[in-house]
Structure formats: structure tokens, C-alpha cells
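**Q** quick check, what structure comes out for this input:
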Amino acid sequence: MIMDSPKLCFVAFIDLLGFSNMVKQDLEAPNGNERYIEKLYDIHQETLAITKSTLDMELNLIQFSDSVVLATPFIKEKFEDFLKVISRYQHDLFCKGILSRGGIAYGKHFYKDGFMFSLGLIEAYRIESNVARFPRIVVSSDLMELIYPEKIHPETLPVIEENDGQIFLDYLSEINIEVLNSQRDLILRQAQSMNTSIREKYIWLMEYINHKRADIDFGITRFK
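**A** Reported below is the predicted structural model:
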């Protein structure tokens, strides 16, 4: 059987944080009280629609359990659009009360009929699992240097460089103040969790929000 060859692609891997609790809350709830399954499916469909109607971009968007993979052919002129799609995806998740983290990389990638075989995915997953750590999607430094060899990227790129040198998607750049206010108490409560892993994620989130919005002051900051 003759198959298409893997193509060089931009690839993003996203992990939905707290997914097991979402599943339990939905599937153990009384009929008709499901929350997260509809939210996630709606965001999935909206992302595909935006990509096709607005950006004219070829995009593979696959979700299995708590893992989301997005990939598009490696076209330098489409890199900024790809980042904006993923940033919008993470933004929409946050607005629905869902935190996520991930990695963005590049490499040979093949997907067809539910079958995926991808070197780009392996690198994106490595970034998510070893580098991202907090509710952020980190862009591969190798990829940034490849696209912007002079280490100067356009101001329209939706990214922030953190103090640890990592570049991540600025998904709260256009966040609604009402959304942030509605989640303030939850964020503060989780930042005091006895679970160290949960606590550090929400402390980071508070610092990120402080950096973006002076009118929601958690009293700490860490960004350049």
C-alpha cells in the first residue's frame, strides 16, 4: 500500500489539567447536568471553524482524553497564525474554567484516518512534560530561532518571555475583566491548596494575571 510521506509540520501538544475530575463530575452527575463535555466539544468545533473561515489554514485537531494535538504544515508565513489559533484555544479553555499547559515544536508529522506518527509530537510532548510545568504553552526555542534567526519577532506575535527564558503563548492578552473577576476566588483558594502541584500552578497563574492586569492585583509578579 502506498502512503503519503510524513510532512514537516508545526505541532502543538496540549494537556488539559484536572481532566479526570472533569470526567468524574460529568459522568457521575445526574442526567442532564453534564458541564465539561459540551464546553470542550464547543471549543473544539469553534477552533476548527475559525481556522477554516478566517485563516484559511490546513489544521489537524485531535483530542483523546486529556490530550489535544494540533498540527499544520510548516509554512513560515503561517507560524504566527498557528500560534494565534492555539492561543485562542487556550484562552477559550480558561474562560470555561479549564486550565491547560503544553508545548509547540516542529518535525515530520503524519496523520491519516485516526493514525498518527509524529516526530514533531514527540518534541512538543517533551516540552509539555519537562518544561511547561505551569498553565502555559511553551514554544520550542529551536523553533523560534529557526523562524526568527535574529531573535527578534514581531510585536503581533502572541507570546511572552518569562524570567526563566521560556517563551509561552500570551493567552490572557484579551481576557475579559468579568471572566477574571468571576474566577478570582477559585484561583486564590487553589493557590492555598495543600497539594503542592496544584498550589504552584495557581500561584504562577496569579503572577501571570498580575502581569497582564494591574486592576486584578494578587500582589506578586515574575515576568519581564
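
**Q** report the buried residues of the longest strand seen in the chain.
**A** In the chain, taking DSSP state E as the definition, the longest strand is strand 100-112. For strand 100-112, burial by neighbour count (16 or more other C-beta atoms under 10 Å) applies to 100-111. Any C-beta I mention is one placed from the backbone N, CA and C, and that applies to glycine too.

**Q** sheet partners, orientation included, of it?
**A** In the sheet, strand 100-112 lines up against strand 7-16 (antiparallel), strand 115-118 (antiparallel), strand 137-139 (parallel) (DSSP bridges).

**Q** comparing these, which gets the lowest mean pLDDT score?
**A** For the strands paired with strand 100-112, the weakest mean pLDDT is recorded on strand 115-118, namely a mean of 92.

**Q** other residues contacting that one?
**A** Residues outside strand 115-118 that contact it (C-beta atoms under 8 Å, 6 or more residues apart in numbering) are 6, 9, 11, 62, 69, 71, 107-111.

**Q** need the phi and psi values for Asp142.
**A** phi -60, psi -40 (degrees, to the nearest 10).

**Q** for this protein, which segments count as helices?
**A** Shown for the chain, the helices assigned by DSSP state H span residues 19-27, 36-50, 79-95, 119-127, 141-147, 177-190, 196-212.

**Q** how about those helices in a markdown table, adding mean neighbour count and distance to Tyr171?
**A** Shown next, in a markdown table, are those (neighbours: other C-beta atoms under 10 Å; distance: least, C-beta to C-beta, whole Å):
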| stretch | mean neighbour count | distance to Tyr171 |
| --- | --- | --- |
| helix 19-27 | 13 | 18 |
| helix 36-50 | 15 | 13 |
| helix 79-95 | 21 | 4 |
| helix 119-127 | 21 | 16 |
| helix 141-147 | 15 | 17 |
| helix 177-190 | 13 | 12 |
| helix 196-212 | 18 | 9 |
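
**Q** of all those helices, which one comes closest to Pro158?
**A** Closest to Pro158 of the helices of the chain, according to C-beta to C-beta: helix 79-95, at 4.4 Å.

**Q** re earlier: now the helices of the chain in CSV, with distance to Asp164?
**A** Output for the helices of the chain, formatted as CSV (distance: least, C-beta to C-beta, whole Å):
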stretch, distance to Asp164
helix 19-27, 26
helix 36-50, 28
helix 79-95, 19
helix 119-127, 13
helix 141-147, 11
helix 177-190, 21
helix 196-212, 11
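
**Q** indicate which one of the ones you listed is closest to Asp170.
**A** helix 79-95 (6.7 Å).

**Q** dig out what Phe168 forms beta bridges with.
**A** Bridge pairing for Phe168 - DSSP bridges - gives Val138, Ile160.

**Q** actually Arg101, sorry about that
**A** With DSSP bridges as the rule, Arg101 is bridged to Asp15.

**Q** that one and Ile198, how far apart?
**A** Look at Arg101 and Ile198: by C-beta to C-beta, to the nearest Å, they are 13 Å apart.

**Q** cool, thanks, signing off.
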